[in-house]
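predicted structure and sequence below. I'll ask about it afterward.
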Amino acid sequence: MVIVHLTNHVLEIGNGIVNVAVDLACTQSNLGHQVFFLSSGGEYESLLAEHNVIHVPIVFKKSLIRLPDMIFSFRRIVKTIQPDIIHAHMMTGALIAKIARLNFHYKLVTHIHNEFQKSARVMSVGDTVIAVSDSVCNSMIKRGINKNKIVVIHNGTLHSPRVHPTEPIFLQHPALVTVAGLYERKGIRDLIYAFNMLSHDITAHLYIVGGGPDKGIFEKLAKDSSRNSFIHFEGFKGQPSSYYQNADIFILASHKDPFPLVLLEAREYGCAIIATNVDGIPEALDYGKSGLLVPTRNPNSLKDSIEYLLLNQTERYNLSCRAQENLTVFTVERMTDDVIDIYTRLLS
């Protein structure tokens with residue numbers, strides 16, 4: 001097949017949408033398909049080239065004024081490539097691909113990664129709509145997407161072509177680790193509050209791995225905390241595997257999260273996991289079999305679970321073992337096979 005993926009960029013900034021799209025493109029190319037990637041560019045261009053994926057520069061912007069130019073540029077590229085499938089991962093690209101399809105015969109697949117955005121309803125323009133979790137699927141059906149054209153394909157990130165060996169790091173233990181964008185919706189505030197409420201006889205270190213626009217807010221919260229010297233902001237890490245390897249407990253306190261890749265990565269490394277019971281998170285943790293689920297926006301419950309695991313080494317070990325069970329469903333290869341099946345059904 002001739003396949004085209006669309007995202008706004010291919011920057012290596014921890015964007016889960018871009019990461020999934022890059023994984024799919026590389027793996028599809030490895031299977032022998034001719035794969036193109038349209039975006040404004042970024043660090044992943046070199047990785048795409050290594051896997052014989054052709055990157056074509058194009059700028060997708062949310063601008064009505066730029067719409068005619070974007071449609072013209074897109075149609076010019078499509079006329080040259082003559083794709084069988086266009087796979088749009090973000091809303092602007094999905095709209096452009098839908099509007100520009102006149103006289104072309106490609107099938108349009110749209111991929112809903114973040115349904116919490118009100119504009120996610122736009123992704124219904126696809127001939128088939130992929131949802132990354134049952135939670136996202138059910139939410140979008142309630143918002144009017146035809147249930148007959150939406151299909152669930154869980155994210156897979158294990159064996160990702162993006163991963164490469166990293167230098168070891170040494171954390172102070174017990175080490176509590178979160179890997180997340182520094183946004184309010186990721187629950188970093190709740191995590192800092194919960195950490196600050198731990199019993200005085202518990203000594204632990206909190207490592208916050210990630211970057212984002214709310215970093216200053218969280219740094220101030222940490223500075224004002226009675227445990228400020230035990231809270232470490234590590235910044236964004238393109239390869240955070242060393243943090244998973246050294247974590248005593250991995251925590252994700254999100255308020256919204258359709259199907260987070262970091263939980264799959266933490267499971268691969270055998271982390272004892274605590275995460276909020278919201279959106280697609282329970283699906284990523286086998287509905288609580290592979291990690292403790294706590295209510296969202298509830299620092300007290302989060303604190304209780306952290307204390308429970310810190311004081312119960314046996315339960316930490318059991319959770320670590322369960323985290324590593326049934327991981328084949330979370331591989332890039334499985335995700336790619338499921339997506340290729342969608343393409344094949346559309347084209348037939």
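Everything's here; your move. Numbers count the residues shown, from 1 in each chain.

how about the helices in the protein?
16-30, 45-50, 67-81, 91-99, 134-142, 188-196, 215-223, 241-246, 261-268, 281-284, 299-310, 313-323, 332-347 (DSSP state H).

what are the contacting residues of the fourth one?
The reference is to helix 91-99. The contact list for helix 91-99 (Cβ atoms under 8 Å, 6 or more residues apart in numbering) reads 6-8, 38, 60-62, 67, 70-71, 74, 86, 88, 106, 108, 110, 117, 119-120, 122-123, 125-126. All C-beta atoms are positioned from the backbone trio N, CA, C, and that covers glycine.

tell me which of those fall in strands.
Of those, the ones assigned to strands by DSSP state E are L6, L38, I86, A88, L108, T110.

isn't G238 right up against E12?
Yes. Between G238 and E12 a contact is recorded at 5.1 Å, counting by Cβ atoms under 8 Å.

list the buried residues of stretch 286-304.
S290, G291, L292, L293, V294, T296, N298, P299, S301, L302, K303 (16 or more other Cβ atoms under 10 Å).

how near is the fourth one to Q82?
Which is L293. Distance, L293 to Q82, by Cβ to Cβ, to the nearest Å: 47 Å.

and the fifth one, by the same measure?
Distance, V294 to Q82, by Cβ to Cβ: 50 Å.

tell me how many other residues crowd Q324.
Neighbourhood size, Q324 [other Cβ atoms under 10 Å]: 13.

distance between the ends of stretch 251-264?
12 Å (Cα to Cα, to the nearest Å).

try stretch 31-50
Across stretch 31-50, first to last residue, Cα to Cα, it's 14 Å.

who touches that stretch?
By Cβ under 8 Å, 6+ apart, the list of residues contacting stretch 31-50 reads 1-12, 18, 21-22, 25-26, 28-29, 52-60, 74, 77, 81, 83, 93, 161-162, 336, 340.

what do you get if the cut-off is 7 Å, keeping everything else the same?
Outside stretch 31-50, the residues that touch it by Cβ atoms under 7 Å, 6 or more residues apart in numbering are 1-12, 22, 25-26, 28-29, 53-59, 77, 81, 161-162.

before we move on, the earlier item: same list (the helices of the chain) but as CSV, adding distance to H173 and mean pLDDT.
Listed next are those as CSV, based on distance: least, Cβ to Cβ, whole Å; pLDDT from 0 to 100:
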stretch, distance to H173, mean pLDDT
helix 16-30, 29, 98
helix 45-50, 34, 98
helix 67-81, 51, 95
helix 91-99, 43, 95
helix 134-142, 34, 95
helix 188-196, 15, 98
helix 215-223, 19, 97
helix 241-246, 8, 96
helix 261-268, 17, 97
helix 281-284, 26, 98
helix 299-310, 10, 98
helix 313-323, 12, 97
helix 332-347, 32, 98
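
for S254, which of these is the nearest?
Nearest to S254, of all those, is helix 281-284, at 6.7 Å by Cβ to Cβ.

off-centre distance for the closest one?
With Cα atoms, centre = their mean, to the nearest Å as the basis, helix 281-284 stands 13 Å off its chain's centre.

and it, what does it pack against?
The contact analysis (3 or more Cβ pairs under 7 Å, 6 or more residues apart in numbering; DSSP states H and E) places helix 281-284 against helix 261-268.

quick one, the helix it packs on and helix 313-323 angle?
110 degrees (axes from the mean of the first three to the mean of the last three Cα atoms, to 10 degrees).

low-scoring stretches of the stretch 51-200 of the chain, by residue?
Within the stretch 51-200 of the chain, no range satisfies pLDDT under 70.

quick one: buried ones out of the contacts of helix 91-99?
6-8, 38, 60, 70-71, 74, 86, 88, 106, 108, 110, 120, 122-123, 125-126.

restricted to buried residues, select the contacts of stretch 31-50 in ChimeraX.
Only the buried entries of the contacts of stretch 31-50 go into this ChimeraX selection, using 16+ other Cβ under 10 Å:
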select :1,3,4,5,6,7,8,9,10,11,12,22,25,26,28,29,53,55,58,59,77,81,161,162
